[in-house]
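below are the sequence and a predicted model for it; my questions follow.
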Amino acid sequence: MSGTLYPIDESDLSDAVSGAIGPLQILGGGTRPIGRIIKAQKLSTEMLKGIVTYEPGALTMVAKSGTPIAEIQTELAAENQRLAFEPMDYRGLLDTNGAPTLGGVVAANVSGPRRIQVGAARDFTLGLSFVDGNGQLLKNGGRVMKNVTGYDLVKLMAGSWGTLGVLSEVALKVLPASETQTTLEIHVTSWEQAVGCMSAALRTPFDVSGAATQCDKYGKIGVLVRVEGFEASVVYRIEQLKAKLFEFGNITELPDPWLEVKNLNSWKPLNTVWRISVRPTDALKILELMRLLQKDRGFQCQLDWGGGLIWIGLNVEQANDVASCTQVHESLQALVATLGGHGNLIKSKILSNLDITHFQPLPRAVSIITKTLRQKFDPRGILNPQRMS
Amino acid sequence: MEMPQPNLEVLRKKLEIVTALLEVLPREAVIDNPAETKAYECDALTAYRCPPMIAVLPSTTQQVSEVLKICYHHEVPVVPRGSGTSLAGGALPTVDSVILGVAKMNKVLETDYENRVIKVQSGRTNLSVSGAVEEENFFYAPDPSSQLACAIAGNIAMNSGGAHCLKYGVTTNNLLGVKMVMMDGEIVEIGGSYLDSSGLDILGVICGSEGQLGVVTEATLRILPKPEGARPVMIAFNSNEVAGTCVADIIKAGVLPVAIEFMDRPIIEICEKFAKAGYPECEALLIVEVEGSETEIQDQMDRISSIAKRHSPIELRQSQSEAESAAIWLGRKSAFGAVGQVSDYMCLDGTIPVSALPQVLRRIEGLSKKYGLKVGNVFHAGDGNMHPLIMYDANKDGDLALCEAMGAEVLRLCVEVGGCLTGEHGVGIEKRDLMEDQYSLNDLEVQMSVKDVFDPKWLLNPAKVFPLSASENRRLG
Amino acid sequence: MQTHFTEKQLKDPKVKHTNDILRSCIHCGFCTATCPTYHVLGDELDSPRGRIYLIKDMLENNRTPDVKTVQHIDRCLSCLACVSTCPSGVNYMHLVDHAREYIEQNYRRSLSDRLLRWILVRILPFPNRFRIALLGAKVFRFLGYFIPDPRIKAMFEMAPQKIPPRSTNDEPQIFPAKGSMKMRVALMTGCAQRALNTDINDATIRLLTRHGAEVVVLKQGCCGALTHHMGKSMESHRTAAVNIHAFADEDDARGLDAVVINTSGCGTTVKDYGHMFSGDLLEKKALQVAALARDVSEVLVDLELPKLPDQGMRVAYHAACSLQHGQQIKTYPKDLLRQVGFKVFEPENSHLCCGSAGTYNLMQPKISGQLKSLKVETLEAKYPDVIAGGNLGCMMQIGSGTELPIVHTVELLDWATGGPKPPAFFGKSS
């Protein structure tokens, strides 16, 4: 295998893919080594960069897929706008280097706490150009928010982890940044209360833009509820929320904690981490299972999206040994399969050499559809093969 | 409108097919006599009509599966139908097809306020989904103008939007899961009450696939807490350009209204005549709606008003009561009906970048003169989704053709300025033949290959979306 | 929509009117959302849009109606919810009436159908005959179980247990106003109503006179609604003409401020007399009477009832289709009830018909039964003390499906302002 390929434009990219003689590992900034990564020729989109157009008055930006997210965020901030879906930066959690790119964020459908209010990365992707497994340059969608011309392959490509094509250009919907934010912390005494509290907050008309938990070193759970907008509006809504949520515990205001909630930097030293998405009230069943399996070894846990997103982490003692960690992994995915949702292994030192299902196994019918779709886009099976398994 | 050649073999087997259907459906659910199938010959796009061979009205997912199995076996094309309110001819049959109507399946299956989701049968009307959760102060956000009558099944097929999608997104942003029957009768469940898809976003491609990938019988939808209140502000301008600039300024200022509606002079005049909403005489009218508590509403209205005043509006009216809100919205909501009382019309759905608004309106005016057909524009200014209403006379020979030609030019114009052919109505048959103006054959090929995955025999609604020449091999294959 | 009537066809003013109506329909399908038969059957053909299509096809082509077309049009309740919903102002009422008339003239129904309809036409509009029939049904009720035809069965089941005696209020007379006379009105006493429930007219007379209206009862007959909706226009014109003469002559002689109607099903028809008799010799008088026609709630609003303290009673207001859709009167009855101290609410899906619809509950018992269950369910769901409505047919239909007392709106208003407690509260009345 030669060194990483860095195509400089779409034609280059097309050639690189069509000329590939074996599997390709598609990279943006290479900050998210999640899933099954087999030995392959690396191909990075880092040189396919640059903002193509930006129309603040139309809330649209078009940029090449290799454009660093940081650059996009800087441009947007200058016009008081932002990527509303608040993409997570995995570099802390996964201890990786590099610059996360737009293409990577879309391909992995990376979102953050605000997903619960405004939607995920895939909901903000208006159109894209990509190169399929045959090296063909294709496009779908456009530059406008409302677009139902033909099939929505934009949604299919988002979250496909590079297995259907290599993104070369993306059109994004952007939103105004908020004038200010305030976050409440409600000190609850149980996970049931935590989920109940977040649910109560999200049922109010006060436009909550973040509902997550954080634990202190004593294991005390704090529910974080965020409100954003114009100053007066935020003040009003915070007062209303305090009245609604005081029954769940003591309430304090705290300075913006959302960077850590979003990026989980403090989880860097953890040995094994899962990311689970289920119906929020089902989070309690997941936690119950973990308590059963881990017994007094314990585990780390953070909820986001009102309980709909569960991060489970084990440090090296909690991971214990391969057998028990594997059992946790398999039990989690089995439980999630019955509840509905997905549980993916994000990182694990202890399980790293094993042949396990990183991504949630799919039900039979969906699995067949998935396989056939991949065959259409990538008949030779060279694009990030088996990545999502 | 060109339609594929009917499959004569299927037509010959009609009796056999009806007999097979009667084994899985009660008598009244199988409609096969010409006096009755006529009523299913079109949806809300009446310019094109063709009675189906048979129409069936199943009541359960299992029945849908049995019906599709029969059609799969006999190679009968199937056209799914919700409430038949499509403006793109999505439910237009072919002479050899079976219309599969889901209107009997309209129940609420599960409401889960803790997790903020609702599961319904797909034949349920859009507004009645909100109706089911209203008492608990929730609502279902996507609100197409036809929401009173349109079905969730159709909303999913077309990825419908509505005036409020500026803030809340369209159907695909509010759909969490479906139960779908594939053409061979297999029943699959995709997604559920959780966020983000497990593997590939198959749900995302099903939404907007215009009934070509499967028949959706159940849907899990997001429900949202109702805002404390909402009120509109009406702003009248002397020029379309100025109105367009005002829209862009409002957005840039960081105010995110719930809806921004735009109406031009011809529409305002017709509306005034029939709805008598009390709109002033002007070139362009904006209705901007904001949500929140009383104070928040007032604050946002003040911000919008001060931005608007910079552009010297003829009139600016902030609604101060529910009655005033209703009055301001009255004209906009009755626009289509009002035009319908004056003339037959074709409603287009092209979307453009907001910045291109003024020039597109000017060029549409030019086309109106060129073709001699009057045009009124009413649309969702916040996202550039235009609805030019081209007025013609259905009873006048040649008028329809003229109207179609003009419509095609308008849509090509939308693509030319960086927009697209359809923002929320879908392609159906109406824009099928314009698809190559927006996509290359290669781009269409990859979309069609997705259909190959779900419906290799190309029996589900095969005459829609893709130009007939492009899909020919697959349909005849 | 595009229509295809020939020049010759369009020479007939009736056809021209229908053509105009059809052209105004844009086939948008909004009407399907509020149609009770579409709600229960889910079939385009049993929706207003589908019926419009069938009617268009039938009339354009001067077709002999086929059995299916007739079936779907027969299934129409004429509740007119579609008229309330239509964004294009399609006059569906005139359209379906025209179709019914056409079917009556051009379609040979089955023998049992013809017999049944003949019986209804000969009996229902005539109180004396109707009383005898009711008595017969009561005595021979058990026979109903043996009869296979579901419609005849329904007739037996609908016959009330208690048949009220003839009321003296039906005789021509004048009821003077109490105190100063604010207006002079004629009361339409109805036909079937006189046989089935005399409390309504009694309460109406008391209520109107108590608040300053002089009420005159004239010699009159059936307004023609029942027979009109069956397509029997000769019959309906005959009986309507009697009323038109009676009211128009009284107005000419002694002046009338209104013709008060307390059965909304009749009110809709009387208000449409102008169209019904268009081109007829009686047209002028018909228009005169139509202009005078008022639902009792409209008149009561003008008479200004007193504001009274809380009566401590929850009233479920049932909005009759003919009143809310046919006459577009949606708030007056509720306002009046609240004015005199009742707590008022409407059930969910209040736009949906209860299934009574004139003779519908006799002619289409299955669908009628389904709609009745839905209506009763939504009314009972909020635990009212009493159900109030403005149309006798509804009262009987809903009454047969619930243990709750059900009264006419005027009975409650009468009671609150000094009249007797309505009999319905003392166990099931008629």
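That came in fine, so what should we check first? Numbering: from 1, shown residues only, chains lettered A, B, ... in the order given.

what's next to stretch C:171-184, contact-wise?
With contacts defined as C-beta atoms under 8 Å, 6 or more residues apart in numbering or on different chains, stretch C:171-184 is touched by C:205, C:208-219, C:254-258, C:299, C:302-303. C-beta: built from backbone N, CA, C; applies to glycine.

go again using 6 Å as the cut-off
Stretch C:171-184 has contacts (C-beta atoms under 6 Å, 6 or more residues apart in numbering or on different chains) with C:205, C:209-210, C:212-219, C:256-257.

quick check: buried residues in that stretch?
By neighbour count on 16 or more other C-beta atoms under 10 Å in any protein chain shown, the buried set for stretch C:171-184 is C:Phe175, C:Ala177, C:Met183, C:Arg184.

and which of the contacts of stretch C:171-184 is nearest chain A?
The nearest member of these to chain A, counting by C-beta to the nearest C-beta, is C:Arg210 at 48.0 Å.

contacts only, for that closest one.
Contact partners of C:Arg210, counting by C-beta under 6 Å, 6+ apart, are C:Lys178.

could you pull out the strands in the stretch 151-300 of chain C for me?
For the stretch 151-300 of chain C, the strands defined by DSSP state E, counting those that start in this stretch cover C:173-175, C:183-188, C:213-217, C:258-261, C:293-295.

among the ones you listed, which is nearest A:Ala323?
Closest to A:Ala323 of the strands of the stretch 151-300 of chain C is strand C:293-295 (C-beta to C-beta; 81.4 Å).

now for the closest one, which elements pack on it?
strand C:258-261, helix C:264-271 (3 or more C-beta pairs under 6 Å, 6 or more residues apart in numbering or on different chains; DSSP states H and E).

what's the offset of the last one from the middle of its chain?
Centre-to-centre, helix C:264-271 and its host chain are 6 Å apart (C-alpha atoms, centre = their mean, to the nearest Å).

touching, B:Met152 and B:Ser122? I think so.
If you look again at residue B:152, you'll see it is Ile, not Met. Yes. In this structure B:Ile152 lies within contact range of B:Ser122 using C-beta atoms under 6 Å: 5.0 Å.

common neighbours of those two, please.
The contact lists of B:Ile152 and B:Ser122 share B:Ala219, where a contact means C-beta under 6 Å, 6+ apart.

mind checking which of these two has more residues around it?
Under the neighbour definition other C-beta atoms under 10 Å in any protein chain shown, B:Ile152 and B:Ser122 were set side by side, and B:Ile152 has more, 31 against 27.

mind listing what the more buried one touches?
With C-beta under 6 Å, 6+ apart, B:Ile152 has these contacts: B:Ser122, B:Arg124, B:Ala219.

tally of neighbours for the residue lying closest to the second one once chain neighbours are set aside?
So that's B:Arg124. Distances taken as C-beta to C-beta, 6 or more residues apart in numbering or on different chains place B:Asn106 nearest to B:Arg124, at 4.3 Å, with adjacent residues excluded. Other residues near B:Asn106 come to 19 when the count uses other C-beta under 10 Å.

B:Asn106 and A:Val225: what is the separation?
To A:Val225, B:Asn106 is 37 Å away according to C-beta to C-beta, to the nearest Å.

name the SS class of the residue of the stretch 51-200 of chain C at minimum distance from chain B, please.
Across the stretch 51-200 of chain C, no residue is closer to chain B than C:Pro87, which sits at 2.7 Å (C-beta to the nearest C-beta). Using DSSP: H, G, I helix; E, B strand; the rest coil, the structure places C:Pro87 in coil.

that one touches B:Gly337, doesn't it?
Yes. Using C-beta under 6 Å as the test, C:Pro87 is close enough to B:Gly337 to be in contact (2.7 Å).

more neighbours, those two?
Just comparing C:Pro87 and B:Gly337: by other C-beta under 10 Å the higher neighbour count belongs to C:Pro87, 23 against 20.

what sits against the more buried one?
If you count contacts by C-beta under 6 Å, 6+ apart, C:Pro87 has them with B:Gly337, C:Phe30.

in terms of pLDDT, where does it sit?
C:Pro87 is assigned 86 on the pLDDT scale.

for it, grab phi and psi.
Note on C:Pro87: backbone dihedrals following degrees, to the nearest 10 are phi -80, psi -10.

what sits up against stretch A:94-102?
Contacts for stretch A:94-102 (C-beta under 6 Å, 6+ apart): A:28-31, A:63, A:65-69, A:170, A:268, A:347.

hmm, I typed the wrong one, I wanted stretch C:121-137.
Here stretch C:121-137 has contacts from C:156, C:159, C:163, C:191-192, C:194-195, C:222, C:226-227, C:232, C:235, C:239, using C-beta under 6 Å, 6+ apart.
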